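> Turn this into a model:
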Amino acid sequence: LANDTETANQKAREAMQLRPDIAPSAAAPDFWKFISQRCHQKIPIPQQKDGISQAQDCKEHVRVIEHSKPSEKYDRPCIPNDINPGPLQPREKHIYVLWTLHLEAPTNILNTIDRVKYHLFPTFTPPNQVVRDRLHGFPLQREGWGTFEVTLEIFCIDGSSTKIAHYLTFDEWANQVGAV
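Numbering: from 1, shown residues only. Presented below is the predicted three-dimensional model:
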């Protein structure tokens with residue numbers, strides 16, 4: 001269900017119908033404990049530190065990791081969108097890079113995160129991507145030729161959230177091809 005938001009939301013609604021007594025506080029640790037037991041998975045339920053939200057804890061302990069490598073695609077036309085309206089336009093030759101961002105943090109911190117929303121450059125379709133794959137650090141993989149700042153909005157299970165910015169550098173790719 002990590003990449004299937006519609007099914008995940010349906011399963012969450014079904015779970016809340018099973019336990020209407022905790023449905024109003026769906027982000028409560030009791031709800032997640034119940035779901036964990038119901039799924040026969042033992043997922044540690046994170047405890048909130050005195051006065052510190054899970055989002056504050058995330059901001060202190062989470063690192064954004066970038067991986068990049070050459071893509072096999074070159075010379076693609078510019079696709080019309082809100083930024084570049086009109087018909088397909090030829091573009092200068094660009095070398096495309098396959099890049100991945102993911103979070104790195106201790107397991108107890110990752111277990112406090114519900115989902116990560118990546119805010120990409122407006123030419124990406126769609127420009128906002130939600131990832132729920134906690135097991136792999138909420139990875140997002142895309143392809144492009146230019147660097148830009150990606151904002152990651154981290155939503156925690158206690159209802160708090162925080163934002164982290166990461167500027168794509170393609171350093172790993174550049175080192176592989178000797179461009180640095």
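
> Any idea how many residues pack against residue 157?
Neighbour count for residue 157, taken as other C-beta atoms under 10 Å: 19. In short, each C-beta sits where N, CA and C put it, glycine included.

> Kindly report the same for residue 132.
Residue 132 has 17 neighbours, counted by other C-beta under 10 Å.

> mind checking the SS state of the closest residue to it other than its chain neighbours?
The spatial neighbour of residue 132 that comes closest, neighbours along the chain excluded (C-beta to C-beta, 6 or more residues apart in numbering), is residue 115 at 4.8 Å. Under DSSP: H, G, I helix; E, B strand; the rest coil, residue 115 falls in the strand class.

> got it, and the one 3 residues further on?
Put simply, residue 118 is strand when judged by three-state DSSP.

> Likewise for residue 138?
Classified using three-state DSSP, residue 138 is coil.

> Now for it: which residues touch it?
By C-beta atoms under 8 Å, 6 or more residues apart in numbering, the contact list for residue 138 reads 102-103, 113, 115-116, 131-132.

> go with 7 Å
102-103, 113, 116, 131 (C-beta atoms under 7 Å, 6 or more residues apart in numbering).

> Distance to residue 64, pLDDT and neighbour count added to these, as CSV?
What follows is the contacts of residue 138, written out as CSV (distance: C-beta to C-beta, whole Å; pLDDT from 0 to 100; neighbours: other C-beta atoms under 10 Å):
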residue, distance to residue 64, pLDDT, neighbour count
102, 8, 96, 19
103, 6, 96, 23
113, 13, 94, 23
116, 10, 97, 27
131, 13, 96, 22
